[in-house]
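Undergrad: Dropping a prediction and its sequence here:
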Amino acid sequence: MAVSDLDLPGDGFFSLEQVRALDAAAIAGAWPGRELMERAGLSAWRLLQQCWPQARRIALVLGSGNNAGDAWVLARWAHLHGCEIELQATVSVWSGAAGEAAALAEARGLRAGAISVERLAGADVVVDAILGSGSRGAPRADAEAAIMAIRACARPVLALDLPSGVDADRGGLLGSVAVRADCTLSFVAAKRGLYTGAAAAHAGRVWVDDLGIDRCPTLRPTVHDVHAVELPRRAGDAHKGAQGHVLVLGGNHGMAGAALLCARAAARAGAGRVSLIARPFTLQAVPMRVPEVMTPPGESAAELAAAVQGAEVCALGPGLGRDDWAQRLYAAVQGGGRPCVLDADALRLLAAQPCAWPQAVITPHPGEAAALLGVDSATVQADRFAAAAELHRRYAATVVLKGNGSLIHSAAGTWLCRAGNPGMASAGMGDVLTGLLAALLAQGLAAPSAAQAAVWIHARSGDRLAAQRGQRGLLASDIIEAWQEDLNPCNAAPRP
């Protein structure tokens, strides 16, 4: 058995359909269901010991399915090691392999009683085994009551297979409530929904045990894990003209900071040259805030067109607004045919007049994605994978769907970033990501690779700062100054 938290290069994430097929194939082949249940329960007990080594009072909340069987095995092992066991269940009888596991535990004196918040509150750790990956639709009343009891007891939680009530396939919730776990042990394979959206927020740290099931060589993950993307090493005779020219367009009334952050980010990310077209009062701040950035003329249509054509990549949206001035900039970029990154108000303008934009990378948060798709943000969050795929289908662009577990979707597939933290939920983070992404595009990376690298570097830098200083008070400008370590993972050796 191999338990990991997926810190392994090349690992990916699987749909529930794939996981169920693997499970069924194993049971139909060499592994009977009881054997897999024994492995799952023992693995859960070992993980519980690892995460909470001082725990002596273990409470387990069971539903009616096979997850309950895993919990009965865990309870048996914990009892064998001298732990006090509190078993609570929504049913009194189990069938199949779960029934066999229950009978073995009951033969050792273990019994399951009714749901009680008071008794759960006396435990060192609560194990959630109410619902498993076979659940469909909102939890029934008895399961919902058990979920609410776990939430009310305010104790550390280990979820078996998935936190009850989450949609481990799509990243949302099955109903209105779900268990919030500190750790989740996903059996058979990494279930893609546990790493993005509300499901990721409820899953806590996710561990994976394949239970010894051999994965079919032809089975490929539906979603790939974003890791560091190797950036090309610069030649010894490199000059700024060969490192790409990024043109940032934005900085409307009251939004100067967004455009300045984006331009600064593009410069710090290695673009050879960065230019900014913005309102005059925004441009006045450039010499003091970002002296490396140029400010070409862009008042007339001819000047604007020349600026767009003179850049390798345009970054459109930070502080753009939606007035006549903003729409003029938007039209110039759209008509210029240059590779571009669209964010913020540029996405709202695109939503108002939808069209294919294959040379673009669009970077919506859930609200902007909802506007682009003509739905509400709850619909986007209910199935983030489907939303990212539909955005690509409609707009022919590379998509970065931001949020907890950001997704990158292109014709080449789907990637998911597990890095990042809640401290990055602050103003300007999207503007900084736009500048970083535009700079990587300008330096020659293809759109999918640039999107993966930018999301990874941005999130990793945020995690490193949060580990050093804490999450609260993390600023977008801090991220800009922290990402060179990830931007340059393999620095050239000094000359002898």
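TA: Received, thanks. Residues are numbered from 1 along each chain as shown.

Undergrad: Just confirm residue 303 contacts residue 297, I think it does.
TA: Yes - counting by Cβ atoms under 8 Å, residue 297 is a contact partner of residue 303 at 4.5 Å. Heads up, the C-betas are built off the backbone N, CA and C, glycines and all.

Undergrad: Between the two, which is the more surrounded one?
TA: residue 303 (14 against 11; other Cβ atoms under 10 Å).

Undergrad: That one looks like it's in a helix, true?
TA: Yes - with DSSP: H, G, I helix; E, B strand; the rest coil as the criterion, residue 303 is located in a helix.

Undergrad: Quick check: residue 81 vs residue 75, distance?
TA: 11 Å (Cβ to Cβ, to the nearest Å).

Undergrad: Revised request: answer the last question for residue 446.
TA: 52 Å.

Undergrad: more neighbours, those two?
TA: Neighbour comparison, residue 446 and residue 75: the larger count goes to residue 75, with 29 against 14 (by other Cβ under 10 Å).

Undergrad: I figured residue 278 was touching residue 262, is that so?
TA: No - Residue 278 is beyond contact range of residue 262, at 10.1 Å (criterion: Cβ under 8 Å).

Undergrad: Now for these two: what residues contact both?
TA: 248, 250 (Cβ atoms under 8 Å, 6 or more residues apart in numbering).

Undergrad: Those two: which is more packed in?
TA: residue 262 (38 against 28).

Undergrad: so who does the more buried one touch?
TA: 248, 250, 315, 318, 431-432, 434-435, 438.

Undergrad: Also residue 54?
TA: Residue 54 neighbours (Cβ under 8 Å, 6+ apart): residue 124.

Undergrad: Quick check: it is in a strand.
TA: No - counting by three-state DSSP, residue 54 is not part of a strand but coil.

Undergrad: Residue 229 contacts residue 456, doesn't it?
TA: Yes - with contact defined as Cβ under 8 Å, residue 229 reaches residue 456; the gap is 6.6 Å.

Undergrad: roughly how far out does stretch 153-160 sit from the chain middle?
TA: When C-alpha coordinates are averaged (Cα atoms, centre = their mean, to the nearest Å), stretch 153-160 and its chain have centres 22 Å apart.

Undergrad: Export that stretch to CSV, keeping only CA atoms.
TA: What follows is stretch 153-160 as a C-alpha-only set of coordinates in CSV (Å, rounded to 0.1, in the frame of the first residue of the first chain):
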residue,chain,number,x,y,z
CYS,A,153,-18.8,19.0,17.8
ALA,A,154,-15.9,21.2,16.8
ARG,A,155,-13.3,18.4,16.9
PRO,A,156,-10.5,17.4,14.4
VAL,A,157,-12.0,15.3,11.6
LEU,A,158,-10.5,12.6,9.4
ALA,A,159,-12.8,11.9,6.4
LEU,A,160,-12.7,8.5,4.8
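
Undergrad: can you pull the buried residues of it?
TA: 153, 155-160 (16 or more other Cβ atoms under 10 Å).

Undergrad: which stretches of the chain have low pLDDT?
TA: 1-11, 29-31, 216-218, 242, 489-496 (pLDDT under 70).

Undergrad: try 80
TA: Regions of the chain meeting the criterion pLDDT under 80 cover residues 1-11, 23-33, 214-219, 227-233, 235-237, 239, 241-242, 489-496.

Undergrad: how does it divide up, domain by domain?
TA: 3-223, 240-487 (automatic domain parsing).

Undergrad: pretty sure residue 247 is in a strand, no?
TA: Yes - remark: residue 247 belongs to a strand, assigned using three-state DSSP.

Undergrad: Show me the beta-bridge partners of residue 361.
TA: Beta-bridge partners of residue 361, counted by DSSP bridges, are residue 341, residue 398.

Undergrad: do residue 171 as well
TA: Beta-bridge partners, per DSSP bridges, of residue 171: residue 383.

Undergrad: quick one: contacts for it?
TA: Counted by Cβ under 8 Å, 6+ apart, residue 171 has contacts 192-193, 195-200, 381-385, 405.

Undergrad: Backbone torsions only: list them for the most centrally placed residue in the chain.
TA: Central residue of the chain (Cα atoms, centre = their mean): residue 405, 0.6 Å from the mean position. With angles defined as degrees, to the nearest 10, residue 405 sits at phi 80, psi 60.

Undergrad: what residues are up against the closest residue to it other than its chain neighbours?
TA: Spatially, and ignoring its direct neighbours in sequence, residue 405 is nearest to residue 196 (2.9 Å; Cβ to Cβ, 6 or more residues apart in numbering). Going by Cβ under 8 Å, 6+ apart, residue 196 touches 171, 384-385, 403-407, 416.

Undergrad: Let me know the helix or strand that residue 103 is in.
TA: If you go by DSSP states H and E, residue 103 is part of helix 96-106.

Undergrad: In terms of secondary structure, what does that helix contact?
TA: Where contact means 3 or more Cβ pairs under 8 Å, 6 or more residues apart in numbering; DSSP states H and E, helix 96-106 is packed against helix 33-51, helix 66-80.

Undergrad: related to what we said a few turns ago, out of the buried residues of stretch 153-160, which comes closest to residue 397?
TA: residue 159 (36.0 Å; Cβ to Cβ).

Undergrad: Is the closest residue to that closest one other than its chain neighbours part of a helix or strand, or is it coil?
TA: Leaving out its chain neighbours, the residue that sits closest to residue 159 by Cβ to Cβ, 6+ apart is residue 181, at 3.8 Å. Counting by three-state DSSP, the backbone at residue 181 sits in coil.

Undergrad: Residue 181 contacts residue 202, correct?
TA: Yes - if you go by Cβ under 8 Å, residue 181 and residue 202 touch, sitting 6.5 Å apart.

Undergrad: joint contacts of these two?
TA: Residues touching both residue 181 and residue 202 (Cβ under 8 Å, 6+ apart) are residue 163.

Undergrad: more crowded one of those two?
TA: Between residue 181 and residue 202, counting by other Cβ under 10 Å, residue 181 is the more crowded of the two (26 against 22).

Undergrad: circling back to that earlier point, of residue 229 and residue 456, give the one with the bigger neighbour count.
TA: residue 456 (23 against 18).

Undergrad: Now for the residue lying closest to the more buried one once chain neighbours are set aside: which residues touch it?
TA: Using Cβ to Cβ, 6+ apart and skipping the chain neighbours, the partner closest in space to residue 456 is residue 226 (5.1 Å). Shown in contact with residue 226 (Cβ under 8 Å, 6+ apart): 408, 415-419, 452, 455-456.
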